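S.K.: A predicted structure for the sequence below; I have some questions about it.
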Amino acid sequence: MAEVKVERVLVQGSVTFTVSCNDLIGLVTPEQAADEEFMREWFADKAAKMIDLANEDVYYENEVPVLVNEATAQKFTGKIITSDDWKAIRAEHKANEGSV
């Protein structure tokens, strides 16, 4: 029995988040301010929480229709993939092109 082939589209984009340095202002105790490790973690934590509120620029750069095996589609659809996954999916598509 032949494996089921399904259509998917490889997409590529990027998102840039901007958090202004002036947005990272706070009030801490003198002991906290003197503790460099605490302050690094404190600022990193506050900045991470601000990403939800940050300005964002989204760029949609690439879309490549592919024909993949159903198992591959189930494994990767709707997920961010690695460049190695991207290459493997393209290779699988190339192998499946003549099988339709």
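M.R.: Good, I have the coordinates.
S.K.: Could you check how many residues crowd around Phe43?
M.R.: Other residues within reach of Phe43, judged by other C-beta atoms under 10 Å, total 13. C-beta here means a position set from N, CA and C on the backbone, and glycine is covered the same way.
S.K.: same check, this time on Gly26
M.R.: By other C-beta under 10 Å, 10 other residues sit near Gly26.
S.K.: likewise the one 10 residues further on?
M.R.: Other residues within reach of Glu36, judged by other C-beta under 10 Å, total 8.
S.K.: my read: Val66 touches Arg90, true?
M.R.: Yes. Contact criterion C-beta atoms under 8 Å: Val66 and Arg90 qualify, at 6.9 Å.
S.K.: any shared contact partners between these two?
M.R.: Any residue near both Val66 and Arg90 by C-beta atoms under 8 Å, 6 or more residues apart in numbering counts here, and that gives Leu10.
S.K.: And the pLDDT at the one residue sitting closest to the centre of the chain?
M.R.: For the chain, the residue whose C-alpha lies nearest the mean C-alpha position (C-alpha atoms, centre = their mean) is Ile80; its distance is 5.3 Å. Ile80 carries a pLDDT value of 91.
S.K.: SS state for it?
M.R.: coil (DSSP: H, G, I helix; E, B strand; the rest coil).
S.K.: contacting residues for it?
M.R.: No contacts exist for Ile80 under C-beta under 8 Å, 6+ apart.
S.K.: who has more neighbours, Val66 and Arg90?
M.R.: Val66 (20 against 14).
S.K.: what's that one in contact with, if anything?
M.R.: Contacts for Val66 (C-beta under 8 Å, 6+ apart) come out as 7-10, 89-90, 92-93.
S.K.: Give me the distance between the residue lying farthest from the centre of the chain and Leu24.
M.R.: Distance to the chain centre peaks in the chain at Pro30, reaching 38.2 Å (criterion: C-alpha atoms, centre = their mean). With distances taken as C-beta to C-beta, to the nearest Å, Pro30 is found 19 Å from Leu24.
S.K.: same deal with Asp52?
M.R.: 15 Å.
S.K.: Count the residues that sit near Ala88.
M.R.: Residues lying near Ala88 (other C-beta under 10 Å) number 15.
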